[in-house]
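J.: Structure for the following, please:
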Amino acid sequence: MNDMEVIELDPAAKNVREIIEDIDGLMNALYPQESNQLLSIEELKEKNVHFIGVKNNQDILGCGALVYKNNDGVYGELKRVYVKSKYRGQGVSKVIMQALIAHARKSQLPVIRLEAGIRQPEALSLYKKVGFQERQEYGSYQYDPLSIYMELKL
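T.: Prediction:
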């Protein structure tokens, strides 16, 4: 798929709400409520959030957000990185990750962090491939046996 385009997403748009509902459905199927750290549509509209999607024609294939944080040092936190199931394995997640990492570098963030669930081996593999390494909890996260915390120093 070579006509993928990275665009900024409006969290309130109908097609964006649909992909967020997809993510919520997946996460709620994989993890108990207390282990899900999902950003709401309202939170995705905040000024400290860079929310992008990858589209092909009019269809949004996947999305991801980078949230600027300053609570445990200054860093960007990855949230809502997701690719619709029918587009997985086609390089969409790599495009999302490259765009978010490039944005973090342009914004002069020293590090990107993330929290991911242990029941998502494909996501964990992707993060390791682009250079993320495991670390302890950070910011407001408390230890959760279902979570893995990672960071990428820029």
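J.: OK, contacts around the spatially closest residue to residue 111 that is not a sequence neighbour?
T.: Closest residue to residue 111 apart from its sequence neighbours, by Cβ to Cβ, 6 or more residues apart in numbering: residue 75 at 4.6 Å. C-beta: built from backbone N, CA, C; applies to glycine. Shown in contact with residue 75 (Cβ atoms under 8 Å, 6 or more residues apart in numbering): 69, 109-113, 138, 151.
J.: and the gap between the residue nearest to residue 154 when sequence neighbours are not counted and residue 71?
T.: Distance criterion Cβ to Cβ, 6+ apart; nearest residue to residue 154, sequence neighbours excluded, is residue 105 at 5.5 Å. According to Cβ to Cβ, to the nearest Å, residue 105 and residue 71 sit 21 Å apart.
J.: Same check on residue 154?
T.: Going from residue 154 to residue 71 by Cβ to Cβ gives 18 Å.
J.: next one: residue 130
T.: Counting by Cβ to Cβ, the gap from residue 130 to residue 71 is 24 Å.
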